[in-house]
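Novice: sequence first, predicted coordinates after that:
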Amino acid sequence: MVEGQVVKLDRGFPLVRTQEGDELRCKHATALVKGEKVRAVIGDKVLIDVPEGHDKAIIAEILPRDTVFVRKDPTERALPQVLAANFDRVIVAQPISDVNMRRLERELVLAHETGVEVAVVLTKADLAASDEDAERIAEEVRGLVGANDTVLVVSAEEPESIAAVRELMAPKTTTVLIGKSGVGKSSLVNLLVGDEVQATAEVREVDGKGRHTTVSREMIDVPGGGCVVDMPGVRGLGLWDAESGIEAAFSDIEELAEQCKFRDCRHEEEPGCAVRRAVEAGELSPVRLDSYHALRTETAEIKERREEASRIRSRRGHPRRRT
Ligand code: GDP
Ligand code: ZN
């Protein structure tokens with residue numbers, strides 16, 4: 001048995017790189033996929049059998065995952081699906097010329113839910129109306145993300161701007177890159193990689209609604225700095241039931257809230273609200289508080305809808321799902 005890591009997933013068999021550096025296409029052992037259908041994901045550490053005279057090795061065991069990136073079905077019809085494992089940082093990319101704060105806050109919640117460090121990279125700085133404009137938007141985003149997350153601005157036209165991103169990526173660490181299609185993730189990866197390694201073209205496939213989705217996932221080595229995995233955007237990554245993610249993404253607000261006069265303070269009109277006091281004192285960005293409110297409301301609405309749906313289901317006499 002040899003230990004390795006899944007470094008590429010496409011339409012073929014998972015590609016596993018062994019600790020010796022060999023790359024082998026692998027099948028899952030029947031015992032692994034029987035019943036629960038456990039499949040290795042990008043980043044998984046696995047134990048493989050390399051049978052003599054076969055063209056494929058066999059994944060016998062998936063080792064425990066340190067971190068996971070999970071796609072949840074908002075309707076709960078499907079089980080949560082792990083999309084990537086064993087990474088150290090999530091980078092959220094958005095174009096500076098077209099930042100969508102609502103999307104960004106969702107992406108941040110999703111990123112924080114994984115428990116790793118988070119950074120925002122604002123791309124396409126050359127398309128900003130002016131340098132002042134770019135700086136203003138970057139400041140607004142810094143207000144949204146909170147003090148613990150790095151915000152960087154890059155442009156494909158200025159390869160030097162990528163250096164700060166590369167600095168985040170220490171050797172032997174893995175970074176997951178998320179962001180809507182078209183925000184410039186591939187361009188960012190190409191700049192990170194430079195000419196030394198060639199990023200392979202994405203395999204695209206049309207989903208049920210005629211949209212193109214990336215199906216290939218690969219760990220791409222960044223010279224001198226760990227590796228990066230390009231992931232699809234939040235669309236289709238339904239992040240709901242993300243309360244713990246909201247708490248992590250807005251830990252500063254949650255902390256302030258402990259000093260509010262009322263335990264169930266909504267930080268709106270209540271007297272003795274420590275959160276609004278922080279906004280008034282300029283210690284907390286009002287944009288950030290707005291986001292927090294918007295996400296809270298949305299999460300509560302979804303929860304309510306879900307409970308309603310489950311009431312209807314049980315009234316119709318469907319058996320309850322056992323937990
Ligand atoms: P992805 O879908 O997120 O991987 O995005 P791509 O990297 O494929 O970029 C989408 C489009 O934006 C392409 O046409 C790129 O040439 C363009 N693009 C990416 N980065 C920049 C940039 O820094 N400046 C400008 N002007 N265009 C960019
Ligand atoms: Zn309050």
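Specialist: Perfect, thanks for sending it. Numbers count the residues shown, from 1 in each chain. Ligands and ions are numbered 1, 2, ... in the order given.
Novice: skipping its backbone neighbours, what lies nearest residue 157 in space?
Specialist: The spatial neighbour of residue 157 that comes closest, neighbours along the chain excluded (CB to CB, 6 or more residues apart in numbering), is residue 126 at 4.4 Å. No exception for glycine: its C-beta is placed from N, CA and C like everyone else's.
Novice: quick one, phi psi at that neighbour?
Specialist: Backbone geometry at residue 126, expressed as degrees, to the nearest 10, gives phi -70, psi -20.
Novice: go on, the one 3 residues further on?
Specialist: With angles defined as degrees, to the nearest 10, residue 129 sits at phi -60, psi -40.
Novice: relative to ligand 1, how far out is it?
Specialist: Separation of residue 129 from ligand 1 (CB to the nearest ligand atom, to the nearest Å) stands at 13 Å.
Novice: isn't the residue nearest to residue 157 right up against residue 159?
Specialist: No. Applying CB atoms under 8 Å, one finds residue 126 not in contact with residue 159, separated by 11.9 Å.
Novice: still on that earlier bit, quick one: residues contacting the residue nearest to residue 157.
Specialist: The contact partners of residue 126, by CB atoms under 8 Å, 6 or more residues apart in numbering, come to 155-158.
Novice: what's the most distant pair in those?
Specialist: The most widely separated members of those, counting by CB to CB, are 156 and 158 (7.7 Å).
Novice: who's more crowded, these two?
Specialist: Neighbours per residue (other CB atoms under 10 Å) separate residue 156 from residue 158, with residue 156 holding more: 17 against 12.
Novice: interface residues of the stretch 1-150 of the chain facing ligand 1?
Specialist: The stretch 1-150 of the chain has residues 123-124, 126-127 near ligand 1, with proximity defined as CB under 6 Å from any ligand atom.
Novice: so where's the stretch 1-150 of the chain uncertain?
Specialist: Along the stretch 1-150 of the chain, the model assigns pLDDT under 70 to residues 35-37, 72-79.
Novice: so residue 66, which state does it fall into?
Specialist: coil (DSSP: H, G, I helix; E, B strand; the rest coil).
Novice: what ranges do the helices span in this structure?
Specialist: Here the chain has its helices, by DSSP state H, at 30-33, 101-113, 131-145, 163-168, 185-193, 243-249, 251-257, 274-280, 286-315.
Novice: give me whichever of these is most buried.
Specialist: Stretch with highest mean neighbour count among the helices of the chain: helix 101-113 (a mean of 23; mean count of other CB atoms under 10 Å).
Novice: partners of residue 26 in the sheet?
Specialist: residue 57 (DSSP bridges).
Novice: just to check, it is in contact with residue 50?
Specialist: No. Here residue 26 lies out of contact with residue 50, judged by CB under 8 Å, at a distance of 9.1 Å.
Novice: more neighbours: which of those two?
Specialist: Remark: of residue 26 and residue 50, residue 26 carries more neighbours, 22 against 16, as counted by other CB under 10 Å.
Novice: contacting residues around the more buried one?
Specialist: Counting by CB under 8 Å, 6+ apart, the residues that residue 26 touches are 13-16, 40, 46, 48, 56-59.
Novice: filter the residues you listed to the buried ones?
Specialist: Neighbour-count burial (16 or more other CB atoms under 10 Å) applied to the contacts of residue 26 gives 13-16, 40, 46, 48, 57-59.
Novice: where does the stretch 151-300 of the chain dip in pLDDT?
Specialist: Using pLDDT under 70, the flagged stretches of the stretch 151-300 of the chain are 195-215, 232-244.
Novice: tell me the residues of it that contact ligand 1?
Specialist: Contact residues, the stretch 151-300 of the chain versus ligand 1 (CB under 6 Å from any ligand atom): 155-157, 179, 181-187.
Novice: identify the bridge partners of residue 17.
Specialist: Per DSSP bridges, the residues bridged to residue 17 are residue 5, residue 23.
Novice: and the protein, which residues reach ligand 2?
Specialist: Selection of the chain residues close to ligand 2 by CB under 5 Å from the ion yields 260, 265, 267, 273, 275.
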